[in-house]
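# Next input, structure requested:
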Amino acid sequence: MFKSKYIICTTLFVTFLTITSLIKNKSRLLEKQITNLNTKIISKEKDINEAQLDFYYLSSPAEIEKKLNTIGVNNYRPISYSKIFLQISDFSLSQNKFSHLNNFNEKKIQKK
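Residues are numbered from 1 along each chain as shown. Presented below is the predicted three-dimensional model:
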């Protein structure tokens, strides 16, 4: 009787001890992943803020006027609306439409 209680208590203690150590290790790994992701998020937010600052600076009327004076007003041509892409998916679709046969033919000519 005493031995069975002792064995049951010991097995329960050992199983709970191993379960807690496994849970602790998994939670530690998750915490490491979370901190890595947080550092990546912070760096991406910093990049976004810098890009926004660059955009606001470069698109200011004074900067555009300086660039026009540098290039020359006669050489300035606005971008046609067909070259402005509102989404990256539109750009990738238009890139897939282009044919690369010129490069293929040039390679054949060079081999001969």
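
# Could you list the low-confidence segments of the chain?
For the chain, applying pLDDT under 70 flags the ranges 1, 73, 76-83, 98-112.

# Tell me which helix or strand comes right after the helix ranked longest in it.
In the chain, taking DSSP state H as the definition, the longest helix is helix 2-58. Using DSSP states H and E, the next helix or strand after helix 2-58 towards the C-terminus is helix 61-71.

# distance between the very next helix or strand once past that next one and the chain's centre?
Under the assignment DSSP H and E, the closest C-terminal helix or strand after helix 61-71 is helix 88-97. Its chain's C-alpha centre and that of helix 88-97 lie 19 Å apart, by C-alpha atoms, centre = their mean, to the nearest Å.

# and helix 88-97, C-alpha only, in PDB?
Extracted in PDB, the C-alpha atoms of helix 88-97 (Å, rounded to 0.1, in the frame of the first residue of the first chain):
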ATOM      1  CA  ILE A  88       2.900  46.600 -57.500                       C
ATOM      2  CA  SER A  89       0.700  43.900 -59.000                       C
ATOM      3  CA  ASP A  90      -0.100  46.200 -62.000                       C
ATOM      4  CA  PHE A  91       3.600  46.600 -62.500                       C
ATOM      5  CA  SER A  92       4.300  42.900 -62.400                       C
ATOM      6  CA  LEU A  93       1.500  42.200 -64.800                       C
ATOM      7  CA  SER A  94       2.900  44.700 -67.300                       C
ATOM      8  CA  GLN A  95       6.400  43.200 -66.900                       C
ATOM      9  CA  ASN A  96       5.100  39.800 -67.700                       C
ATOM     10  CA  LYS A  97       3.700  41.100 -70.900                       C
END
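
# Go ahead and name everything in contact with it.
Helix 88-97 has contacts (C-beta atoms under 8 Å, 6 or more residues apart in numbering) with Phe85. Bear in mind the C-beta positions are built from the backbone N, C-alpha and C, glycine included.

# what comes up buried for that helix?
Going by neighbour count (16 or more other C-beta atoms under 10 Å), nothing in helix 88-97 comes out as buried.

# burial count for Ala62?
Ala62 has 8 neighbouring residues, counting by other C-beta atoms under 10 Å.

# And for Phe85?
Phe85 has 13 nearby residues by other C-beta under 10 Å.
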